[in-house]
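Peer 1: Return atomic coordinates for the entry below.
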Amino acid sequence: DKNVVKAHITPLTLINKIKRITIIRDNKGFNLKKIKYIYPKRKAFSSFKKFFLLLREGIKKKNDIIISFYLIPHGINSIFIGKIIKRKVVVCLIGTDLNIHLKRPYAKILFYVLKKADYITVTGKKSKEFLLKNGFKKEKVLILPNAININKFKPREKTKLQKEPKKKEPPDADTLRKLF
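Peer 2: A predicted model of the protein is given here:
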């Protein structure tokens with residue numbers, strides 16, 4: 001998703017030490033300074049192709065680190081490639097990874113592979129606690145909240161509904177729509 005790239009990668013482009021960021025994804029994303037996109041020309045076998053694009057890029061360009069968003073397939077691909085080309089790997093987990101994949105019958109395999117990452121980022125305390133309870137080392141799991149564009153999103157004045165004491169029943173859908 002282009003918004004994920006923009007929200008998570010843009011702050012990295014502002015770091016002077018970072019000269020180039022290569023992103024391997026399904027298609028080209030936003031034009032951002034320092035960003036190069038690599039993507040399969042045809043969609044068939046996309047995950048398989050991205051694995052080899054990452055391998056080729058890692059060998060050819062000697063990148064310092066591999067950062068992956070989403071566990072399946074990108075995180076798994078990145079971990080394997082990182083081991084092959086001897087680079088550090090950061091896997092950024094999101095809700096789908098934690099709430100669906102890591103609670104399925106195949107989760108043991110994913111946990112085994114994920115523990116091979118050098119670092120794992122999660123968006124909050126509960127996610128970190130979940131991983132720690134499943135045997136991950138505290139120093140490898142980092143909380144990195146989702147980025148918010150403060151130029152676009154500003155705090156609002158409290159509405160009458162927000163100032164009222166909380167009711168036991170949530171407001172109806174029409175009231176919720178008026179708040180946004």
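
Peer 1: What's the per-residue pLDDT of the residue nearest the centre of the chain here?
Peer 2: What sits nearest the mean C-alpha location of the chain, by Cα atoms, centre = their mean, is residue 69, with 3.3 Å. Predicted confidence (pLDDT) for residue 69: 82.

Peer 1: which ones are touching it?
Peer 2: Residue 69 sits next to 4, 8, 75, 92, 94 when contact means Cβ atoms under 8 Å, 6 or more residues apart in numbering. (Glycine included, C-beta is placed from N, CA and C.)

Peer 1: By neighbour count, which of those wins?
Peer 2: Highest neighbour count within the contacts of residue 69, by other Cβ atoms under 10 Å: residue 75, with 26 neighbours.

Peer 1: ok, it touching residue 66?
Peer 2: No. The pair residue 75 and residue 66 does not pass the contact test of Cβ atoms under 8 Å, sitting 9.8 Å apart.

Peer 1: Show me what the lengthiest helix in the chain is packed against.
Peer 2: Taking DSSP state H as the criterion, the chain has its longest helix at helix 46-61. Helices and strands touching helix 46-61, by 3 or more Cβ pairs under 8 Å, 6 or more residues apart in numbering; DSSP states H and E, are strand 21-24, helix 76-85.

Peer 1: Figure out which of these is closest to residue 137.
Peer 2: Minimum separation from residue 137 across the helices and strands packed on helix 46-61 (Cβ to Cβ) falls at helix 76-85, 15.3 Å.
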